[in-house]
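K.L.:
Kindly return the folded structure for what I paste below:
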Amino acid sequence: MKLRILKSFGEKLNGQVDYIAQDKPGAARKFKSDILERIKEIPKMPYANRKSIFFDREDIRDLVFKGYIAVYKVDDEKGNITVFGFTKYKNDPFK
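P.N.:
Model prediction:
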């Protein structure tokens, strides 16, 4: 499976990293590195993470990482995984 990360996800992740970096730059860099490593592992087992709490669909999943959620869609027909949402737990990932 091919992994795609949408610009909207990157912008939200970078915003959170910038916020963390205000107090702890090292922690911010580690957070970003660690979550991206977890995202890179998704293609190995795309359905291992829970069904999304934001969508009632089996193909949309939530990767939970340190109280944050990366939302992604699995497209088996096209062989793509698209990471498109990023939010803190229980917030709307599209705001």
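K.L.:
now the strands: where do they sit in the chain?
P.N.:
2-5, 50-51, 60-65, 68-75, 80-88 (DSSP state E).
K.L.:
Not counting residues beside it along the chain, what's closest to the residue nearest to the spatial centre of the chain?
P.N.:
Centre of the chain computed as the mean C-alpha position; nearest residue by CA atoms, centre = their mean is Ala70, 2.2 Å away. Among residues not flanking Ala70 along the chain, Leu63 sits closest, at 4.3 Å (CB to CB, 6 or more residues apart in numbering). For every residue, glycine as well, the C-beta is placed using N, CA and C.
K.L.:
Show the contacting residues for Arg61.
P.N.:
Neighbour list for Arg61: 46-47, 49-52, 71-74 [criterion: CB atoms under 8 Å, 6 or more residues apart in numbering].
K.L.:
Most neighbours of all those, which one?
P.N.:
Tyr72 (26 neighbours; other CB atoms under 10 Å).
K.L.:
Mind pulling the model confidence for it?
P.N.:
At Tyr72, the pLDDT value in this model is 98.
K.L.:
Test my guess that it contacts Phe84.
P.N.:
Yes. Tyr72 is within contact range of Phe84, at 6.7 Å (criterion: CB atoms under 8 Å).
K.L.:
Pull the contacting residues for the residue of the chain most remote from its centre.
P.N.:
In terms of distance from the mean C-alpha position of the chain, Asp23 ranks first, at 22.9 Å (CA atoms, centre = their mean). Not one residue lies near Asp23 by CB under 8 Å, 6+ apart.
K.L.:
Distance of it relative to Pro46?
P.N.:
34 Å (CB to CB, to the nearest Å).
K.L.:
just to revisit the earlier point, settle this for me: the residue nearest to Ala70 is touching Ile81, isn't it.
P.N.:
No. If you go by CB under 8 Å, Leu63 and Ile81 don't touch, sitting 10.5 Å apart.
K.L.:
Quick check: neighbours shared by the two?
P.N.:
Contact criterion CB under 8 Å, 6+ apart; residues shared by Leu63 and Ile81: 42, 72.
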